[in-house]
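*Asks:* need a 3D model of the following:
(chains A and B)
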Amino acid sequence: MQREDSSFWFYQRIITAGIVAPELSAIFNPNKDAHFLLEKIFFAWPTIGAGAPTSFVDITARIVFYSPSKSFNDVFIPVNLFTTPGTFENFTPNATPRNQQVLAGKSINWPLLMYTPFEIKISNFQGANNPGYVDIFVTGTNIFRREAA
Amino acid sequence: MDIKALVQNFKESFSTFLFGTLTVAAGAQGTTTIAVTSDGHFRLKWILGSFTTQIAGPADGGANLTSLQLLDNGRGGAALWDTLIPCHLFMSPGRQRVSAVVGDPSNALFFPIEFNYLFLANTTIQMIGANAAGLANRIDLLLVGDKIPVTNGNAESVM
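*Replies:* Residues are numbered from 1 along each chain as shown, chains lettered A, B, ... in the order given. Now for the predicted structure:
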């Protein structure tokens, strides 16, 4: 019996603190029993500095697809342009919570065939404005194999 | 307004909420189930929820340290997403201030996020929560969708 298409989410946390590599990769492997329509990508990161926190981070991202090999964006793009607002209050007791905001992701709408992974590269985190980690949240739809009539 | 058509449509599907709540101990994982009753399948459309942000003190840190995963027990524990996801990424803004603990007010409008999934009648949804804080925190989850009454025609016809 045909299984109904359904939403599916992915998540990874990329640690950027103390890393000296030019870029970091998060590779996602969609379910092996369904194609995946990648719909939206969200980035989230903590503010920097406990005393006077700042939300500015110097982090950029690039989305890469395989089979065929193609980049969604050829140039690394600042993560704050992918997600609004993106930043959330760091772990400070009784601090004014700046998390009272709606997270809005960027539409990608990229179809991925079964068994096809995708990669999100993170770069430019070696400067002063490094939040320590970046959360990557991906939403989409599993499209199950259509049975022959 | 055609009342007969309204009644007929209501027999075919009607809106409903399913609710689950989970209080997770400090530095631990916890689990609970949400029942999908036998009278109908549940077509999930939207997810929204809230989480508390208590830390050791006690105090209200304001930052989320909880995460959640849902499993479909009607399909052998199939995961609706690939791992525990921090609640603030899909419960936006999400934070619910804890009463009787000093902290800034939440004053938040909870924004639903779209999630399409069909749960079978007479099954359960597993909520698995994790809490990295030094104090227990609570996660409330509201699933918004439609109940599709089970009839002789559709009782056996879905996976």
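*Asks:* so which helix or strand takes in the residue positioned nearest the centre of chain B?
*Replies:* Chain B has B:L141 as the residue nearest its centroid, 3.2 Å off, counting by Cα atoms, centre = their mean. Taking DSSP states H and E as the criterion, B:L141 maps to strand B:137-149.
*Asks:* picking up where we left off before, against B:P149, how distant is the residue nearest to the centre of chain B?
*Replies:* 24 Å (Cβ to Cβ, to the nearest Å). (Glycine included, C-beta is placed from N, CA and C.)
*Asks:* before we move on, what about A:S107?
*Replies:* 35 Å.
*Asks:* more neighbours: which of these two?
*Replies:* Set A:S107 next to B:P149 and count neighbours by other Cβ atoms under 10 Å in any protein chain shown: B:P149 wins out with 15 against 10.
*Asks:* returning to what we had before: and the pLDDT for the residue nearest to the centre of chain B?
*Replies:* With respect to pLDDT, B:L141 scores 94.
*Asks:* that one bridge partners, please.
*Replies:* Counting by DSSP bridges, B:L141 forms beta bridges with B:G20, B:G49.
*Asks:* I'd say it and B:T21 touch.
*Replies:* Yes. In terms of Cβ atoms under 8 Å, B:L141 counts as a neighbour of B:T21; the distance is 7.2 Å.
*Asks:* okay, helices next: where are they in chain B?
*Replies:* B:3-12 (DSSP state H).
*Asks:* number of nearby residues for the closest residue to B:N64 other than its chain neighbours?
*Replies:* Spatial nearest neighbour of B:N64, excluding adjacent residues (Cβ to Cβ, 6 or more residues apart in numbering or on different chains): B:H88 at 4.0 Å. B:H88 has 25 neighbours, counted by other Cβ under 10 Å.
*Asks:* measure B:H88 to B:G94 for me?
*Replies:* 5 Å.
*Asks:* by mean pLDDT, point me to the weakest helix or strand of chain A.
*Replies:* strand A:87-88 (a mean of 62; mean pLDDT, DSSP states H and E).
*Asks:* and the helix or strand following that one, which strands flank it?
*Replies:* Sequence-wise, the next helix or strand downstream of strand A:87-88 (DSSP H and E) is strand A:106-112. Partners of strand A:106-112 in the sheet, by DSSP bridges, are strand A:34-46 (antiparallel).
*Asks:* pLDDT on the strand it pairs with, on average?
*Replies:* So the average pLDDT for strand A:34-46 ends up being 88.
*Asks:* isn't B:F115 right up against B:L44?
*Replies:* Yes. Between B:F115 and B:L44 there is a contact under Cβ under 8 Å: 5.9 Å.
*Asks:* which residues does B:V150 contact?
*Replies:* Residues near B:V150 by Cβ atoms under 8 Å, 6 or more residues apart in numbering or on different chains: B:S38, B:D39, B:G40, B:H41, B:A121.
*Asks:* so what's A:D135 up against?
*Replies:* Per Cβ under 8 Å, 6+ apart, neighbours of A:D135: A:Y11, A:Q12, A:R13, A:I14, A:F42, A:F43, A:A44, A:W45, B:P86, B:L89.
*Asks:* the residues you listed, buried ones only, as a ChimeraX selection?
*Replies:* Of the contacts of A:D135, the buried ones go into a single ChimeraX selection, burial set by 16 or more other Cβ atoms under 10 Å in any protein chain shown:
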select /A:11,12,14,42,43,44,45 /B:86,89
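*Asks:* now the contacts of A:D135 as TSV including distance to B:Q29?
*Replies:* TSV is the format used below for these (distance: Cβ to Cβ, whole Å):
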residue	distance to B:Q29
A:Y11	16
A:Q12	19
A:R13	17
A:I14	23
A:F42	24
A:F43	26
A:A44	22
A:W45	25
B:P86	14
B:L89	18
